[in-house]
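*Asks:* dropping a prediction and its sequence here:
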Amino acid sequence: MKVPATVKLVQEALNDGKCVVIGLQTTGESSLDKDINSTSIVDKCLPNLISLAQEIAAQFVESHFPSETDLYERDIKIDEFVGIQQQSHTTLHCNQIKHELLERIRNLKLPPGALDELIDKLGGPSQVAEMTGRRNRLVRNNKVSFRLEPRGKSTDDLEDVNVKEKELFMNGKKFVAIISDAASTGISLHSDRAVVNQKQRVHITLELPWSADKALQQLGRSHRSNQSISPNYKLMATSVGGEQRFVAALSKRLESLGALRGDRRAVLGDMASTNLDSKYGKDALQLLQNAAISGRPPRGISSESIIRIDPSNDLPVDEHIQNFHNQLYSTIQQMGLDEDVQNDVKRFLNRLLGLPIQRQWTVFSYYMEILTMVVNAAKQSGRYDDGVVDIHGESIKVVGDPMTIYKDNVSGAITANITLNIDRGIKWTRALEKFRTPATTSTLNGFYRSKKAIYGRHMYVLALQSANGKDVIVYRPNTGVSQLHESVSDFLLKYANIQEDEAYDGWQSQYDESLTTCLHGKQCQSKDTCMIGLRTTRVDILCGSVCPLWGTLQQIIDRRIGQLSRVDKTLRVVRVRLDNGTTVVGVRYPFALIPELLSSLESNSCKSPYSISKDDITPINARALSKALQHSRTMMDFFAPKSKPSTNLNRPSTSTTSPPPTTSGSDIKQVDDSPRTSAIDDKLIQKKPKGLKRALDTGIGSQESNKRGNSAPVCPICGVTMSHSTTNWELNRHIDQCISK
């Protein structure tokens with residue numbers, strides 16, 4: 001199912017001048033090798049690509065179906081032989097069933113292996129850079145057959161092949177790359193500024209792993225530093241409920257790293273909704289389990305939704321809903337989700353994988369329906385946390401100068417309040433542009449007028465169907481796009497479709513009047529302060545050092561929560577792009593609470609998180625002072641000559657201008673046994689090369705030894721040959737210099 005869609009995405013990306021990276025987790029090499037070894041086809045030529053799913057099913061039957069070997073090797077209880085008359089007939093019958101199952105599996109028309117099929121449909125190995133760990137692959141021999149081709153003779157050869165394939169991709173020789181989990185480490189495929197291939201990468205994840213960290217490791221191959229353009233990620237997933245377990249794991253990991261909540265405009269898009277392991281997902285699972293036990297849907301879930309999810313029978317509505325929840329309860333029991341494991345979304349998704357495909361889809365669809373209801377309820381109550389929120393408007397300007405709210409006495413960090421004037425209205429020309437270029441094509445798209453008059457006037461809106469097909473996005477001339485989507489059924493109950501020419505006058509009138517008049521009209525009793533339905537609105541944002549004040553800000557909101565609007569009941573981090581191109585990021589805070597905030601700060605209710613402490617001066621520690629002023633000894637100190645030679649040393653210090661008299665061999669031995677170790681430590685001598693130790697012990701270089709050996713002395717360190725007249729003192733001094741170097 002995924003391969004044809006992936007091939008289509010790849011072709012679209014290539015036509016747009018981009019290149020593609022396809023991520024896999026497994027290559028199916030083990031199943032491929034077993035199937036190849038079991039065939040008797042000459043030269044390993046095959047008429048079709050091998051189906052890995054078919055091979056896995058056959059291996060399962062071969063390994064686990066009872067046979068004669070199983071009956072004789074395992075311990076059989078007496079009860080198992082009840083009704084069995086002849087053991088041989090039973091064994092023969094098992095083998096016949098096993099053979100028949102294998103034949104049926106071979107006759108199934110299952111899809112071929114994803115990796116070989118992708119390479120074949122995308123142009124073959126000459127067009128696709130494969131970076132995997134498999135040794136063999138199937139390539140097209142001609143139009144009617146495939147041959148087995150080795151990728152490398154050994155593991156080292158495979159690494160070289162992968163490196164060459166990477167270079168071909170980065171140099172623009174190939175524009176499609178396929179990587180597996182084995183090649184997801186150490187390979188960079190991003191649009192590096194230093195390589196030839198500067199095209200944008202479209203990274204398609206065909207197979208999601210169990211571990212989100214592995215997915216991040218693979219996604220990081222195409223998104224790295226020094227890239228000229230960010231990649232575009234596409235995660236392939238089917239409608240099978242069990243597969244959402246992998247999507248949820250990846251979304252949760254990305255969200256924890258800030259890749260989703262930190263920037264909703266990221267190339268991954270709005271994946272936060274797929275993070276099912278959240279507080280909203282846990283609440284939805286709790287409601288699902290309660291509904292299965294009680295036999296009634298949660299409040300907010302309509303009967304139409306359940307019938308749409310499970311239209312399997314023609315029973316009356318009440319009986320249909322009761323039957324649906326009875327089956328749901330049976331499924332929950334089968335999955336082992338009792339009261340002890342409530343709210344465990346991860347376990348719920350894992351065990352969902354063991355259900356039949358149709359049952360997976362039914363249970364998961366009902367769960368997602370409940371989750372959508374929970375999220376919408378949280379948004380309506382102002383409790384939904386959707387990370388950094390973008391504030392949109394046709395025109396956004398700063399009013400006045402920023403007002404300093406707080407300045408930390410220690411760090412000097414400033415918290416300031418910026419007042420923005422936002423024009424949310426949508427002009428008629430802008431509304432026409434949105435209507436004529438919608439994201440989705442639907443008969444619901446169009447202009448609508450309210451069926452009932454609201455405060456003496458009919459309201460005009462533009463409705464566009466959302467991507468899920470169940471909701472509509474509503475645009476109003478005075479307040480712009482609605483943050484909450486409405487269901488199609490609820491929307492059509494309140495609005496009637498009209499033509500463009502009918503909507504023009506009403507749209508333009510509502511747009512102009514909303515500049516100075518609220519939704520209640522000129523008869524509003526609080527028209528001087530009422531802001532409901534006005535085109536322009538005031539938004540105050542606290543910028544700068546906000547974290548030290550967070551507790552105080554929340555305390556004031558909690559005290560005044562009954563007086564605040566839905567949007568002001570929760571501290572929200574917002575981002576605004578001004579008309580001059582400047583971006584402002586801060587915390588949205590109601591202006592009515594600013595005076596109370598200032599009063600609270602002046603009364604020292606908000607203390608700085610930073611503090612400076614000074615320790616008393618302590619007496620000087622003589623031992624520590626002596627150690628600090630003492631010269632630190634290094635290896636060089638052991639070999640440095642002393643300024644004043646001792647009386648029992650034949651070797652003078654380096655400050656001596658004239659050499660001492662020549663010593664005999666016996667003197668040299670006496671020197672070796674004397675306190676000469678102050679210049680060269682005996683312990684260090686033991687660690688020196690044997691030639692040096694022998695020279696120091698036997699006095700090589702003395703006149704006595706030179707006469708006996710009748711040869712010139714040689715330095716055991718650098719190998720330099722000295723003259724016959726070299727004295728023992730000169731040789732030792734030369735050796736010391738060699739060691740110090």
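*Replies:* Done, it's in.

*Asks:* need the strands for the stretch 251-400 of the chain, in chain order.
*Replies:* For the stretch 251-400 of the chain, applying DSSP state E, counting those that start in this stretch gives strands covering 389-391, 395-407.

*Asks:* what packs against the first one?
*Replies:* Okay, so that is strand 389-391. Packing partners of strand 389-391 (3 or more CB pairs under 8 Å, 6 or more residues apart in numbering; DSSP states H and E): strand 572-577. C-beta coordinates here come from the backbone N, C-alpha and C atoms, glycine included.

*Asks:* now do the buried residues in the strand it packs on.
*Replies:* Within strand 572-577, the residues that count as buried by 16 or more other CB atoms under 10 Å are 572-576.

*Asks:* figure out how far it is from the centre of its chain.
*Replies:* Offset of strand 572-577 from its chain centre (CA atoms, centre = their mean, to the nearest Å): 24 Å.

*Asks:* which is the next helix or strand following that strand?
*Replies:* Remark: after strand 572-577, the chain's next helix or strand is strand 583-588, criterion DSSP states H and E.

*Asks:* coming back round to it: distance to L288, mean pLDDT and mean neighbour count for the strands of the stretch 251-400 of the chain - can I get that in TSV?
*Replies:* Output for these, formatted as TSV (distance: least, CB to CB, whole Å; pLDDT from 0 to 100; neighbours: other CB atoms under 10 Å):
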stretch	distance to L288	mean pLDDT	mean neighbour count
strand 389-391	29	81	15
strand 395-407	42	90	14
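
*Asks:* including distance to Q327, could these go into JSON lines?
*Replies:* Output for the strands of the stretch 251-400 of the chain, formatted as JSON lines (distance: least, CB to CB, whole Å):
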{"stretch": "strand 389-391", "distance to Q327": "40"}
{"stretch": "strand 395-407", "distance to Q327": "52"}
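
*Asks:* minimum distance to I532: which of the ones you listed has it?
*Replies:* Closest to I532 of the strands of the stretch 251-400 of the chain is strand 389-391 (CB to CB; 17.9 Å).

*Asks:* direction included, what does the closest one pair up with?
*Replies:* Strand 389-391 sits in its sheet next to strand 572-577 (parallel), going by DSSP bridges.

*Asks:* now the angle from the partner strand to strand 395-407?
*Replies:* 130 degrees (axes from the mean of the first three to the mean of the last three CA atoms, to 10 degrees).

*Asks:* so for strand 572-577, mean pLDDT?
*Replies:* In this model, strand 572-577 carries a mean pLDDT of 88.

*Asks:* also stretch 621-641?
*Replies:* Across stretch 621-641, pLDDT averages out at 79.

*Asks:* which one's the longest helix in this protein?
*Replies:* Determined from DSSP state H, the single longest helix within the chain is helix 357-380.

*Asks:* that helix packs against which elements?
*Replies:* helix 279-294, helix 303-309, helix 317-335, helix 345-352.

*Asks:* tell me the buried residues in it?
*Replies:* In helix 357-380, counting by 16+ other CB under 10 Å, buried: 359-376, 378.

*Asks:* how far does it sit from the chain's center?
*Replies:* Distance of helix 357-380 from its chain centroid, counting by CA atoms, centre = their mean, is 24 Å.

*Asks:* ditto for stretch 344-362
*Replies:* Centroid displacement of stretch 344-362 relative to its chain, using CA atoms, centre = their mean, is 24 Å.

*Asks:* span of it from start to end?
*Replies:* By CA to CA, to the nearest Å, the extent of stretch 344-362 from end to end equals 19 Å.

*Asks:* in this protein, which helix or strand is least confident?
*Replies:* Ranking every helix and strand in the chain by mean pLDDT, DSSP states H and E puts helix 665-673 at the bottom, with a mean of 39.
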